[in-house]
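> turn this into a model:
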Amino acid sequence: MKPTGPIPPEFAAAGPLTVAGRSAGSWADQLGTPAFVYDPAVMEARVAALRAALPAAVEIHFAIKANPYPPLLRHIAPLVGGLDVASGGELEKALAVKAAEHISFAGPGKRDWELEAAIRAGATLNLESEGEATRVLAIAERLGITPRLAVRVNPSFELKGSGMKMGGRPSPFGVDAARVPTLVQHLVAAGADWRGFHIFAGSQALDTAAIIETQAATVALAEQLADEAGYRPPLVNLGGGLGVPYFAGDTSVDVAAVGAALGERLRDGQAYAIELGRWLVAECGVYLTRVIDRKESGGETFLVVDGGLHHQLAATGNFGTVVRRNYPVALARDVGGEGVETVSIVGPLCTPLDRLADRVAFPRADVGDIIAVFLAGAYGATASPAAFLGHPPAAEALATDP
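Okay, here's the model as predicted:
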């Protein structure tokens, strides 16, 4: 038997699962299964908690790669100061809900048409290399438009304990810190509207002390680069890194401690942003999937469900996880119910990788029962191979009041 991660407190009450005041069964009946349901109240609470913890000089940006579902974007856009995108497609979605001056565009492989679209719209391009800077300036000159440009910095440090390290090593992301001042001087001399620095050292970290240490180093690096370049940055994007507790033993980041420590490091009069994706939306989402078969094999019990890795790749352990561990899962009609048997929850795909839960203690579940996979609000539908084996896509819904 293997443990599961902690269910977000908004959904952890014993008894039948409800999302935004409606039963999981009601949502499943309306949408069909599999389905993602997002509770906006949970998302709003996360944004409010972070805003209360952060110094006033730090704005919140949402990295829409975590969840670009249009109704969710429409809901979160007015709650945050900016949106961060990583493709021309995401840029188009962001422009539908936010003014261009509040949108930034990062990514190491921007094609010329994407650069042109951002320049025409007036979004900020986070430059990943000197070569990209050369292309941007040439496109902007051809268009006769002053481009809004920031420099993404590849720092010499990483975020310790992060699930995905974005600094402290050779990288396709950002310009090595030692070369940044020269690039900034070149951009200003070329007449660009220089918008500042984007410094991202890692993501999905739960170590509060490590986050505090990295943010202090990031603030110091931004100061050093500004001094060397001879220009003050209009904005310093400190990146993100705050993780969420997916697995047994994980604990939440102490955002109050992070905010208090950050407030002691900031330069007076300087504007900052923190860029987060999963921390804002992961816990608002629930993935509902229905049992279509119950079978025994070799003394083990398998619950075969109609959803799987084609919608929830991360929950199956196939999205960068080194050691497979179980996300929080529950029988929707009996959350917190006694585990009377050990089961593995597997999807319909013809691969052994399609396993949503591995040998977990579970109440008795039968064909027709609904199983909920939590922390499904980030890196779910659009981060999964939806076309694999030709199964239909999952439904999605932003929950509203009952």
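> show me what the longest strand along the chain is packed up against.
The longest strand of the chain (DSSP state E) is strand 285-297. In this structure, strand 285-297 packs against helix 24-31, strand 35-38, strand 300-305, strand 370-373, with contacts taken as 3 or more C-beta pairs under 8 Å, 6 or more residues apart in numbering; DSSP states H and E. Where C-beta positions appear, they are placed from N, C-alpha and C, glycine not excepted.
> how about 6 Å then?
strand 35-38, strand 300-305, strand 370-373 (3 or more C-beta pairs under 6 Å, 6 or more residues apart in numbering; DSSP states H and E).
> quick check: buried residues in it?
285, 286, 287, 288, 289, 290, 291 (16 or more other C-beta atoms under 10 Å).
> next: stretch 123-142.
By neighbour count with 16+ other C-beta under 10 Å, stretch 123-142 contains the buried residues 123-129, 132-133, 135-137, 139-140.
> quick one: distance of it to the chain centre.
Offset of stretch 123-142 from its chain centre (C-alpha atoms, centre = their mean, to the nearest Å): 26 Å.
> contacts made by it with the rest, please.
If you take C-beta atoms under 6 Å, 6 or more residues apart in numbering as the criterion, stretch 123-142 is touched by 100, 103-106, 108, 115-116, 118-119, 147-152, 174, 183, 190, 195, 198.
> related to what we said a few turns ago, from the buried residues of stretch 123-142, which land in helices?
132, 133, 135, 136, 137, 139, 140 (DSSP state H).
> out of those residues, which is nearest to residue 345?
Checking those against residue 345 by C-beta to C-beta gives residue 132 as the nearest, at 44.0 Å.
> find me the pLDDT at the closest one, would you?
Predicted confidence (pLDDT) for residue 132: 98.
> how does this structure divide into domains?
As given by automatic domain parsing, the domain ranges for the chain are 9-38+282-398, 68-276.
> among those domains, which is nearest residue 52?
Nearest of the domains of the chain (C-beta to C-beta): domain 68-276, 8.1 Å.
> average pLDDT across the particular helix or strand that has residue 90 in it?
Taking DSSP states H and E as the criterion, the element that holds residue 90 is helix 88-95. For helix 88-95, mean pLDDT is 98.
> and the contacts of it?
64, 68, 83, 85, 103, 105, 114, 117, 121.
> after it comes which helix or strand?
strand 103-105.
> ok, that next one: who's next to it in the sheet?
Strand 103-105 has the following sheet partners, assigned by DSSP bridges: strand 82-85 (parallel), strand 124-127 (parallel).
> any idea which of these gets closest to residue 375?
Here strand 82-85 is closest among those (C-beta to C-beta), at 20.9 Å.
> what sits up against the closest one?
Residues outside strand 82-85 that contact it (C-beta under 6 Å, 6+ apart) are 61, 62, 63, 64, 91, 94, 98, 102, 103, 104, 105, 275.
> farthest-apart pair in those residues, please.
91 and 275 (15.5 Å).
> now do the helices in this structure.
Taking DSSP H to define them, one finds helices in the chain at 24-31, 40-53, 70-76, 88-95, 112-121, 130-143, 180-189, 208-229, 255-263, 278-281.
> could you pull up the residues touching residue 6?
By C-beta under 6 Å, 6+ apart, the contact set of residue 6 is 245, 328.
> lowest-confidence helix or strand of the protein?
When the helices and strands of the chain are scored by mean pLDDT, DSSP states H and E, strand 164-165 comes last with a mean of 48.
> ok, back up a step: of the helices and strands packed on strand 285-297, which is nearest residue 379?
So among those, strand 35-38 is nearest, using C-beta to C-beta, at 11.5 Å.
> residues of stretch 178-189 that come out buried?
180, 181, 183, 184, 186, 187.
> from residue 232, how far off is the fifth one?
Relative to residue 232, residue 186 is positioned 17 Å away (criterion: C-beta to C-beta, to the nearest Å).
> ok so, going back, adding pLDDT and distance to residue 281, write the buried residues of stretch 178-189 out as CSV.
CSV is the format used below for the buried residues of stretch 178-189 (pLDDT from 0 to 100; distance: C-beta to C-beta, whole Å):
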residue, pLDDT, distance to residue 281
180, 97, 31
181, 97, 36
183, 98, 33
184, 98, 33
186, 98, 37
187, 98, 33
